[in-house]
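Visitor: Take a look and give me a structure for this.
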Amino acid sequence: MILAGGRGSRMGGVDKGWVELDGKPLIRYAIERFAPQVDELLISANRNIGRYAALAYPVVSDTVDGFIGPLAGFHAAFGRARHDWLATCPCDSPWLPLDLVERLWTRCSAGAASAAVAHTAQGAHPVFALIHRDARDSLERYLGAGNRRVQEWFQSLRCIAVPFEDEAAFRNLNTPDDLPSR
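Guide: Residues are numbered from 1 along each chain as shown. You can find the predicted model right below:
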């Protein structure tokens, strides 16, 4: 699932999936790099639903009110995904690793974990994750208690940190200043 459901408040309220980099929307970069890694691709979006649907992938919207963040996207995707494992990435990281899902899966399956999260020297990148469907009940309890922190929720699971060396692959374009200038 590609996360594109946020408010884009740091980007001036713009839907980040449609922000252009070198003449191409960020969502297209995410699809090009992520789709070959998964059997089913979902897009988590709460605005511009028709525009995202025109990309020919199923769109899921938050079922939890209030734009509460990535966990709401995870929750919605668990309700729609056909497979037991949910791989996630954000729409605003155009250089995400081409082997992200393979590396998360390899470590997750070897360690009998219910989730795996990408880590670099800068720390955890919790929206680059692989999560087993069994974690859905835990997520519902966590959200029901009013909690919203992705990393905190992962700490409640059998979650494995998967090391990646390339910091740039996880760079998020969150603000207009983050966009590379020509």
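
Visitor: Quick check: phi and psi on the residue most central in space within the chain?
Guide: Nearest to the geometric centre of the chain sits residue 89, at 2.9 Å (C-alpha atoms, centre = their mean). Here is the backbone geometry of residue 89 (degrees, to the nearest 10): phi -150, psi 160.

Visitor: what's near enough to touch it?
Guide: Neighbour list for residue 89: 1-3, 30, 34, 96, 100, 127-128 [criterion: C-beta atoms under 8 Å, 6 or more residues apart in numbering]. C-beta coordinates here come from the backbone N, C-alpha and C atoms, glycine included.

Visitor: which residues of this structure fall in helices?
Guide: 26-34, 49-53, 70-80, 100-110, 136-144, 150-155 (DSSP state H).

Visitor: For residue 63, state which of the contacts of residue 89 is nearest.
Guide: Comparing these against residue 63 with C-beta to C-beta places residue 1 closest, at 13.8 Å.

Visitor: Can you name the residues bridging to the closest residue to residue 119 other than its chain neighbours?
Guide: Of all residues not flanking residue 119 in the chain, residue 161 sits nearest, at 4.4 Å (C-beta to C-beta, 6 or more residues apart in numbering). With DSSP bridges applied, residue 161 shows beta-bridge pairing to residue 117.

Visitor: Lowest average confidence across helices and strands of this protein, where is it?
Guide: For the chain, counting by mean pLDDT, DSSP states H and E, strand 20-21 ranks last in confidence among helices and strands (a mean of 90).
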